[in-house]
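Peer 1: Model the following, please.
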Amino acid sequence: MKTLRKLKLDTVYQIVKSTLAIDPLEHLHTRKRKHVEIRQLTMYFMTEHTKSSLSEIGKFFNKNHATVLHAKKTIKNLIETEEEIKKMYQLIKGNLYSSYNLLKHDEELDLLEHLKRTKEFNIGLINRTINIKKIIEDLPEEIRKKYFKSTEELFQIKKHKRNEQHIHSAK
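Peer 2: Have a look, this model is predicted:
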């Protein structure tokens with residue numbers, strides 16, 4: 001299954017830590033099976049859910065890329081053969097996908113903020129256009145005639161050009 005690979009190493013680490021109530025970094029130098037498997041599970045999820053390289057993941061644990069590759073292969077096998085690992089895997093996976101939903105929600109909020117800023121910008125343009133129109137109308141008539149066509153005519157030309165562009169882009 002293809003994942004979004006948008007999470008950060010620390011996010012995956014925190015999710016594993018909170019899901020299993022064990023810190024994968026706490027027992028880095030122990031070879032006790034329980035601690036090794038949790039560390040390997042964390043590395044596995046980091047390879048699947050981040051854009052980080054094997055080397056970057058290894059550095060996170062003070063290990064090398066080969067250790068991360070070995071962890072990934074080991075966990076794939078253990079998920080199929082060990083029921084306890086499979087349960088841990090399912091729990092962590094569920095929490096990771098929940099974080100994707102939060103991430104998606106944050107992205108939607110960012111999009112809404114962008115649209116709001118765009119709307120404010122467009123309103124600003126409209127207000128500036130109205131102000132320019134008023135400034136032109138307030139100029140003495142001889143200057144206005146010399147440099148501008150009538151104000152209405154000036155804005156009608158711009159409006160006509162925009163309509164032409166809209167018609168051509170619609171085709």
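
Peer 1: Output the lowest mean pLDDT helix or strand found in the chain.
Peer 2: The element with the least model confidence among the helices and strands of the chain, by mean pLDDT, DSSP states H and E, is helix 151-170, at a mean of 57.

Peer 1: give me the number of residues near the nearest residue to E37 once chain neighbours are set aside?
Peer 2: For E37, the nearest residue in space outside its immediate sequence neighbours is I85; the separation is 6.3 Å by C-beta to C-beta, 6 or more residues apart in numbering. C-beta: built from backbone N, CA, C; applies to glycine. I85 sits with 19 neighbouring residues when counted by other C-beta atoms under 10 Å.

Peer 1: can you give me the mean pLDDT across the helix or strand hosting I85?
Peer 2: Taking DSSP states H and E as the criterion, I85 maps to helix 83-138. Here helix 83-138 scores 72 as its mean pLDDT.

Peer 1: count of neighbours near I123?
Peer 2: The criterion is other C-beta under 10 Å. On that basis, I123 has 10 neighbouring residues.

Peer 1: so how far is I130 from it?
Peer 2: In this structure, I123 lies at 11 Å from I130, with C-beta to C-beta, to the nearest Å as the measure.

Peer 1: again with L41
Peer 2: Relative to I130, L41 is positioned 62 Å away (criterion: C-beta to C-beta).
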